[in-house]
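> Prediction below, plus the sequence it came from.
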Amino acid sequence: MPLYSPPDLSESSEKNACFYPWLALSAALLMLVRLAVTIPTFSPTIDEPAHIGAAVSMIEAHKLIAPGSHPPLARLVAAVPLWLGGARLPQCRGQTAIGTEDLGYDLGARVLAQSESFRALLTQARLAMLIFPLIALLYLYLLANSLSGPAVAAIAVVFLTLDPTFLGHGFWIGNDMAGCAGYLAAVYHGLRWLKNPTWEFAAVTGIALGLAISAKFSCLLAIPTLALLALINRRPWRRLLGHAILIAAIAFSTLWATYFFNIGSLSDQAGLTGSTGNAASESMRQQWQHVPHFIRIAIIPMPSFFLALARLMLHNRFGHGAYLNGQVSSRGWWYYFPEVFTLKSTLGFLAALLLAIALATVHRRWRAWPTIAVILPAGVFLTAAMAGNIDIGIRYILPAIPFLYLFVVQQLSRPRWQWILALLMLCSAVEGAALHPDYLSYFNLVAGGPAGGQRFALDSNIDWNQDVYRMAEWIDRNAAGRPYAIRLNGSRNAWLLARLGLNRFAIDAPPHGHLLFISKNVRCIDRTLTWLQNHHPIAQIGDSIDVYDLTGPPTPDEPDDMPMHDPTAGW
């Protein structure tokens, strides 16, 4: 008889039951420490100023006047430390018109540019965003515990905290992690309601659903997910339909509350008159002209919600310039997310996932309710993402990833497989830790790490403008006094360069005769500079910025690269 026999994680004894919540809590706290020490390393991403501008202006105007294509919940969380840190936008007080897509970016750049210590302000707001990965882990534990017991729940939480994608999106000011937490919460409370269809559980489900939709519009997918789960589980439809009305009413009220119970006219919007150069905006403007006048002037709850949702739908319709396998497309690829998920998942997790699929197939577990309740929410989310045209980062399928981790632990936390699960988790931990703190740009060894991964995928998978702090430090150490040109991701970087002591007009300088600092997205997506292939980078900053020495004279086939953006943008 062996001296030690590993416990059967699928059926925890009462003796060990109290251990598992502490194990999950310890993993969550360790994750928080890893993320907190990482936060100061990275400069504002492309999207963070827009969320900051929307957050502060919402507090000032008591209305979401800069929605872009996003709801407000995550921005409200960020608004608390921003406001306490002194961020103000007095020009937004009393404003009622809902601004164009650019308004949030301009307001956010102004907030950061005018802050006495913008880096400290940014850090404080990012620390507040850590509430969302904690909520995601909490609901993963609750969901797993309800389906498979506390041991599976704890191990699933531990495994997820090792995932580079989950870590890489844990603290940014935005709604990706908020959407992950919201989707998990809505599915969990919906399953509780389906299991025990009482009015109380229906009410809680409505609250969770409303908050989830306010976290990210993609959480609307929780509605068809729960409908399919109810259909598969053969719940009493007459009873559920009565509850569904209550859920819808409470979800709407909860969502409306996050918009400060604002009411207004659909016509109280900027950007819907006059011609624009953007195809999606122009389409929206043309469709607006066909809306009957009485609908335009009607007073409705949260008009910002409907405008932002319409912008998101148009964004998806027209697509977004994206990169995959050396190709650039605005329409995307149906296999984008499966491929990127494969390349950006640790090899330990991929091996565990394949093994879990094999075991579920061999032992015919696909029809078991715990398996269905985990795979179906992930499947609905992944299918919707694959059908869309916005293929600019694995973050868009972040809400599906925790369900896959739970599925893996469900299948492998059984006798004979527990040691293999533990070994694969150890491999994942080592793979992720090896690239600390650059979890955002993680690619696995098969992809060749971040250096090789750029051959397959870019965008926010690797270049989200996060390495500008490092670029400033590199210039200070290695290029003081030398002329340089800068081509960064995004269009509003002048304020950031100036605050870091760099020449903001470097984004307007020609590359030849200078050191060229160019982000990978600019080089490969925004402006395909084929002539740069004749040169080799002399350095790489972080994983997203390449440095070229172009101080020599250009050859005839190397035209000067003209800037895409106004160097004064954001001021």
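Great, that's in hand.
> which stretches of the stretch 51-200 of the chain form helices?
All helices of the stretch 51-200 of the chain, identified by DSSP state H, counting those that start in this stretch, fall at 73-84, 101-114, 118-129, 131-148, 150-160, 164-168, 176-195, 199-215.
> do you know which of those helices lies nearest I462?
The minimum distance between I462 and the helices of the stretch 51-200 of the chain falls on helix 164-168, with 10.2 Å, by CB to CB. For the C-beta atoms, the positions are set from N, CA and C on the backbone; glycine is no exception.
> any low-confidence regions in this protein?
1-16, 271-281, 284, 528, 556-571 (pLDDT under 70).
> residues contacting the spatially most central residue of it?
Averaging the C-alpha coordinates of the chain gives a centre point, and the residue nearest to it by CA atoms, centre = their mean is D176 (2.7 Å). By CB atoms under 8 Å, 6 or more residues apart in numbering, the residues touching D176 are H169, K216, R395, Y396, L398.
> And the furthest pair within those?
Largest pairwise distance in the contacts of D176, by CB to CB, is 12.1 Å, between H169 and K216.
> OK, contacts around L343?
The contact partners of L343, by CB under 8 Å, 6+ apart, come to F443, N444, V446, A447, G453, F456, A457.
> any residues touching stretch 438-454, and which ones?
38, 42, 164-165, 167-169, 343-347, 350, 431-432, 435, 455-456, 460-464, 466, 520, 524, 540, 542-544.
> Could you work out the end-to-end span of it for me?
Start-to-end span of stretch 438-454 (CA to CA, to the nearest Å) is 14 Å.
> In it, which residues are buried?
For stretch 438-454, burial by neighbour count (16 or more other CB atoms under 10 Å) applies to D438, Y439, L440, S441, Y442, F443, N444, A447, G449, P450, G453, Q454.
> Can you report how many residues lie near the closest residue to the second one other than its chain neighbours?
The reference is to Y439. In space, and not counting its chain neighbours, Y439 is closest to G168: 3.5 Å by CB to CB, 6 or more residues apart in numbering. With neighbours defined by other CB atoms under 10 Å, the count for G168 comes to 29.
> What's the separation between G168 and L458?
15 Å (CB to CB, to the nearest Å).
> For the buried residues of stretch 438-454, which two are the farthest from each other?
Taking CB to CB as the measure, those span a maximum distance of 16.2 Å, between Y439 and Q454.
> Quick one, which of the helices of the stretch 51-200 of the chain gets closest to W334.
Counting by CB to CB, W334 lies closest to helix 164-168 out of these; the figure is 20.4 Å.
> Which residues does that closest one contact?
Counting by CB under 8 Å, 6+ apart, 31, 34-35, 133, 136, 160-161, 180, 344-346, 394-395, 398, 401-402, 431-432, 435, 439-442 sit against helix 164-168.
> ok, now which ones touch R75?
H51, A54, A55, M58, L64, N175.
> Without its sequence neighbours, what residue ends up closest to the fifth one?
So the one you mean is L64. Nearest to L64 is S304, by CB to CB, 6+ apart, at 4.1 Å.
> now swap in the fourth one and tell me
Closest residue in space to M58, ignoring its immediate chain neighbours: L64 at 5.0 Å, by CB to CB, 6+ apart.
> Give me the number of neighbouring residues for S26.
Neighbour tally, S26, other CB under 10 Å: 14.
> Turn the contacts of D176 into a markdown table, including distance to F505, secondary structure and neighbour count.
Formatted as a markdown table, the contacts of D176 follow (distance: CB to CB, whole Å; DSSP: H, G, I helix; E, B strand; the rest coil; neighbours: other CB atoms under 10 Å):
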| residue | distance to F505 | secondary structure | neighbour count |
| --- | --- | --- | --- |
| H169 | 33 | coil | 26 |
| K216 | 37 | coil | 27 |
| R395 | 32 | helix | 23 |
| Y396 | 35 | helix | 22 |
| L398 | 37 | helix | 25 |
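> still on that earlier bit, distance of the residue nearest to Y439 from W22?
26 Å.
> Check F217 too.
F217 is 36 Å from W22, by CB to CB.
> Comparing those two, which shows the higher neighbour count?
Neighbour count, other CB under 10 Å: between F217 and W22, F217 has more, with 19 against 10.
> who's in contact with the nearest residue to the more buried one once chain neighbours are set aside?
Leaving aside its chain neighbours, F217 sits nearest to L312 (5.6 Å; criterion: CB to CB, 6+ apart). L312 sits next to S69, H70, F217 when contact means CB under 8 Å, 6+ apart.
> tell me the phi and psi of the second one?
Its backbone dihedrals place H70 at phi -140, psi 150, with angles given as degrees, to the nearest 10.
> Start at 53, not 1
Noted, 53 is the first residue going forward, which turns the last one into H122.
> what's the spacing between it and L77?
Taken as CB to CB, the span from H122 to L77 is 31 Å.
> And P216, by the same measure?
From P216 to L77 the distance is 22 Å (CB to CB).
> more crowded one of the two?
Set P216 next to L77 and count neighbours by other CB under 10 Å: P216 wins out with 26 against 15.
> What is the end-to-end distance of stretch 193-210?
End-to-end for stretch 193-210, by CA to CA: 10 Å.
> quick one: contacts of that stretch?
Contacts for stretch 193-210 (CB under 8 Å, 6+ apart): 59, 61-64, 68-69, 71-73, 75-76, 79-80, 189, 192, 236, 239-240, 243-244, 247, 421-422, 425-426, 454, 457-458, 460-462, 465, 473, 477.
> how about it: buried residues?
Buried-residue list, stretch 193-210, by 16+ other CB under 10 Å: 193-197, 199-210.
> same deal with stretch 475-488?
L476, M477, C479, S480, A481, E483, G484, L487.
> Can you list the residue ranges for strands in the stretch 403-552 of the chain?
Ranges of strands in the stretch 403-552 of the chain, per DSSP state E, counting those that start in this stretch, are 536-539.
> ignore the last one, the stretch 253-402 of the chain
315-317, 351-353, 374-376, 379-381.
> Looks to me like I570 is in a strand.
Yes - with DSSP: H, G, I helix; E, B strand; the rest coil as the criterion, I570 is part of a strand.
> ok, and the closest non-adjacent residue to it?
Computed as CB to CB, 6+ apart, the closest residue to I570 that is not its neighbour in sequence is R539, at 4.3 Å.
> Isn't the one you found up against K572?
No - counting by CB atoms under 8 Å, R539 does not reach K572; the two are 10.4 Å apart.
> Regarding Q592, what is its secondary structure?
Q592 is classified as strand under three-state DSSP.
> what bridges to it?
Beta bridges link Q592 to D598, judged by DSSP bridges.
> Outline the domain layout of the chain.
66-90+184-311+378-485, 94-181, 520-601 (automatic domain parsing).
> mind listing what I538 touches?
By CB under 8 Å, 6+ apart, I538 lies in contact with M523, N545, L549, L554, A558, I559, A561, L568, F569, I570.
> still on that earlier bit, closest to N368 out of the domains of the chain?
Here domain 66-90+184-311+378-485 is closest among those (CB to CB), at 5.1 Å.
> how far is the closest one from where the chain is centred?
Centroid separation for domain 66-90+184-311+378-485 versus its chain: 14 Å, with CA atoms, centre = their mean, to the nearest Å.
> Could you give the number of residues near the residue nearest to L116?
There are 25 residues near S356, going by other CB under 10 Å.
> ok, how many other residues are close to R529?
Quick note: R529 (other CB under 10 Å) scores 8 neighbours.
> oh, I was asking about I597
27.
> Go ahead and measure how far the helix or strand A102 falls within is from the middle of the chain.
If you go by DSSP states H and E, A102 is part of helix 100-113. From the chain centre to the centre of helix 100-113 is a distance of 18 Å (CA atoms, centre = their mean).
> cool, and stretch 91-103?
Distance, stretch centre to chain centre, for stretch 91-103: 12 Å (CA atoms, centre = their mean).
> hey, C-alpha coordinates of it in CSV?
As requested, the backbone C-alpha atoms of stretch 91-103 are provided in CSV (Å, rounded to 0.1, in the frame of the first residue of the first chain):
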residue,chain,number,x,y,z
ILE,A,91,0.6,47.6,-13.3
PRO,A,92,3.3,50.4,-13.2
THR,A,93,5.3,48.8,-16.0
PHE,A,94,2.9,49.6,-18.8
SER,A,95,1.8,52.8,-20.5
PRO,A,96,-1.8,53.6,-21.3
THR,A,97,-3.2,51.3,-24.0
ILE,A,98,-5.0,52.7,-27.0
ASP,A,99,-8.4,52.3,-25.4
GLU,A,100,-7.8,53.3,-21.9
PRO,A,101,-8.0,57.1,-22.5
ALA,A,102,-11.4,56.6,-24.1
HIS,A,103,-12.7,54.7,-21.0
